[in-house]
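Chemist: The amino acid sequence is not available; the structure is as follows:
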């Protein structure tokens, strides 16, 4: 057995993995670290939720939700989240994590997440998160800031006619 590290998958593997994320406008690439493995030899389940969080924050930066928090303390709060684990992940590998808004309400929206293994070129997990617009000064939910809503609709052009106001 060689002690040489395996070569990471190349551009073809990355492109094939990315093909599973065509409907996700925000995609980030993240490494799997050795220390994230659990006693059963695969990626610990909690790490998937960190992947979702990282992709979610990238989406918030893109739609301006991070800026509204900095300006007037109206930001996002995670109401609930779920994950459907589809295949185990292992070190060494990296993942592509996609996120999108699949439903938009007055004061909340549902995000979909997908984690794709570059090495396996396959979907490893799908998840959702319910995000609520929250006034951190008055500690109450509030309508989505108009600029955030408009940015989401610009990022997700197909969302305007479907998935709107399901709540």
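Modeler: Yep, it's here. Computed from a predicted model, the values in this text were never measured in an experiment.
Chemist: Checking my notes, residue 14 in a helix, right?
Modeler: Yes. The assignment for residue 14 (DSSP: H, G, I helix; E, B strand; the rest coil) places it in a helix.
Chemist: Identify the residue nearest it in space, chain neighbours excluded?
Modeler: Leaving aside its sequence neighbours, residue 14 sits nearest to residue 118 (Cβ to Cβ, 6 or more residues apart in numbering; 5.5 Å). In short, each C-beta sits where N, CA and C put it, glycine included.
Chemist: And for residue 23?
Modeler: residue 100 (6.4 Å).
Chemist: next helix or strand past the strand or helix carrying the one you found?
Modeler: Assigned by DSSP states H and E, residue 100 falls within strand 94-104. Later in the chain than strand 94-104, the nearest helix or strand by DSSP H and E is strand 108-117.
Chemist: Verify the stated contact: the residue nearest to residue 23 with residue 27.
Modeler: No. Counting by Cβ atoms under 8 Å, residue 100 sits too far from residue 27 to count as a contact (9.7 Å).
Chemist: Tell me which of these two has more neighbours.
Modeler: Ranked by neighbour count (other Cβ atoms under 10 Å), residue 100 and residue 27 place residue 100 first, with 22 against 18.
Chemist: Need the nearest residue in space to residue 73, chain neighbours excluded.
Modeler: residue 136 (4.3 Å).
Chemist: er, residue 63 actually
Modeler: residue 151 (4.0 Å).
Chemist: And the helix or strand harbouring the one you found, how far out from the chain middle?
Modeler: When elements are assigned from DSSP H and E, residue 151 belongs to helix 146-155. Here helix 146-155 is found 17 Å from its chain centre; the criterion is Cα atoms, centre = their mean, to the nearest Å.
Chemist: mind listing what's buried in that helix?
Modeler: Buried residues in helix 146-155, counted by 16 or more other Cβ atoms under 10 Å: 148, 149, 151, 152, 153.
Chemist: same thing with stretch 131-143?
Modeler: 131, 132, 133, 134.
Chemist: what's the answer for stretch 85-101, then?
Modeler: Buried residues in stretch 85-101, counted by 16+ other Cβ under 10 Å: 89, 91, 93, 94, 95, 96, 97, 98, 99, 100, 101.
Chemist: Output the residues you listed in CSV; the columns should cover pLDDT and distance to residue 79.
Modeler: Shown next, in CSV, are the buried residues of stretch 85-101 (pLDDT from 0 to 100; distance: Cβ to Cβ, whole Å):
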residue, pLDDT, distance to residue 79
89, 97, 26
91, 96, 32
93, 96, 31
94, 96, 29
95, 97, 25
96, 97, 26
97, 98, 20
98, 98, 21
99, 98, 16
100, 98, 17
101, 98, 14
